[in-house]
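[1] Sequence and predicted structure are below.
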Amino acid sequence: MKILIVDDFSTMRRIIKNLLRDLGFTNTHEADDGLTALPMLQSGNFDFLVSDWNMPGMTGIDLLKTVRADPKLANLPVLMVTAETKREQIIMAAEAGVNGYVIKPFTAGTLEEKINKIFERVAG
Amino acid sequence: MEQAIVESERLAQARALVASLEAGDDAEASRIIKSFPENTEMDLFQEVGRLTRELHEAIIGFAMDDKVVQAVQHEMPDAAERLTYVIEMTENAANTTLKAVEESMPVSEELAQVSSTLAAEWDRFRDRKMELEDFRALSEEIGGFLTLASSHSKMLHDNLSEVLLAQGYQDITGQIIRRVITLIQDVEEKLVRLVAISGTARMNEVKKAEVEMAGPAVPNIEQGDMLSNQDDVDDLLSSLGF
């Protein structure tokens, strides 16, 4: 399972990376915004994308839309991990095709639950 | 243009003055001389009047600028609230971290102390200097230590995970502080403009982003329809068919 973590704060990337390692996912890579993430996704055979929303360059929602519009990446499971809690924004992410939405600050349990749910659904 | 008219008028007055002096008409000459300072004063008053009016208009324009009104009425008090929240978050994170560290220190010390005691005993056994009775006691102690090591290392791992998660404050507070910086820069820009008035008040078009990102939720700040926890987010998503 190859996972890309996209967040402009390196501390948050480290937290998510460590939590994922605890859950048994050791093949994780990092990018600090959508613009850096996109070429990695296009050439990297990633199985899962974890992205923040509010980032300079390209935001998480634009990254999500771009991923969904790319035939090669359209089916990539995407988990949004963000401090954006506005109802309107969550609805927008859902409409753009996000697979899960975790709000910061979050617990290890929440992250695990959402990831498991996404993979159950992808498998089923 | 105005300047040119003023100059040609003065030139005409000067010629008239010379002419009246040459003609010996003192009354006319002094009338002309007296009219000079009055004119200059009039110009000065007019100029002061113009500047006052422009300044007044600029201040009104400044006050009517939506972004400034918004900044003064909402964003400034909000900024104070946001920064107070930053203090609260950093304090909580520090307390969580310190608590986990304080709990972990004695645990790791106990592991170190028991294992060094056992190591000494173990050496005695390996050197065949141990009686059977003592070995039975040692074996029991080793069994107990293994249970202790397993529960203690789990406790250490849990505390480390807590420390790890507590670092999330850096991301959230960073985002909040960034917003306050943007606000300060906006206000600074407006103030600089007010100070540097050069005639006309320029009004900036208020640009609105397509979807405005609300940023992290801050307690006691009106930020629109914000969801307060993960359960609310899950409920909303499940209502959307997730």
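    Now that the structure is in, tell me what you want to look at.

[2] Pull out the buried residues from stretch B:49-58.
    Buried residues in stretch B:49-58, counting neighbours by 16 or more other CB atoms under 10 Å in any protein chain shown, are found at residue B:58. For the C-beta atoms, the positions are set from N, CA and C on the backbone; glycine is no exception.

[3] do the same with stretch A:99-114
    So, applying 16+ other CB under 10 Å, buried residues of stretch A:99-114: A:99-106, A:108, A:110-111, A:114.

[4] for stretch B:129-145, same thing?
    Buried-residue list, stretch B:129-145, by 16+ other CB under 10 Å: B:130, B:138, B:145.

[5] Looking at those residues, which is nearest chain A?
    Closest approach to chain A among the buried residues of stretch B:129-145 (CB to the nearest CB): residue B:145, at 25.8 Å.

[6] Point out the residues in chain B that sit beside chain A.
    B:161, B:164-165, B:167-172, B:174-175, B:211, B:213-217, B:223-230, B:233, B:236-237, B:240, B:242 (CB under 8 Å from any CB of the partner chain).

[7] which among those end up buried?
    Neighbour counting by 16+ other CB under 10 Å classes B:161, B:164-165, B:167-172, B:175, B:213-217, B:226-227, B:230, B:233, B:236-237, B:242 among the residues of chain B next to chain A as buried.

[8] and the most centrally placed residue in chain B, what element?
    The centre of chain B sits closest to residue B:180, judged by CA atoms, centre = their mean, with a distance of 2.5 Å. Element membership of residue B:180 [criterion: DSSP states H and E] is helix B:169-195.

[9] Next secondary structure element downstream of that helix?
    helix B:230-239.

[10] so how far is that following helix off the chain centroid?
    When distances are taken as CA atoms, centre = their mean, to the nearest Å, helix B:230-239 is centred 30 Å away from the chain's centroid.

[11] which helices and strands does that helix pack with?
    Contact partners of helix B:230-239 among helices and strands, from 3 or more CB pairs under 8 Å, 6 or more residues apart in numbering or on different chains; DSSP states H and E: helix A:87-96, strand A:100-103.

[12] Let me see the contact set for residue B:81.
    B:218, B:220-221 (CB atoms under 8 Å, 6 or more residues apart in numbering or on different chains).

[13] quick one: low-confidence parts of the chain?
    Because you didn't say which chain, this covers chain A. Scanning chain A for pLDDT under 70 picks out A:124.

[14] oops, chain B please
    Using pLDDT under 70, the flagged stretches of chain B are B:1-4, B:6, B:37-40, B:63, B:197-211.
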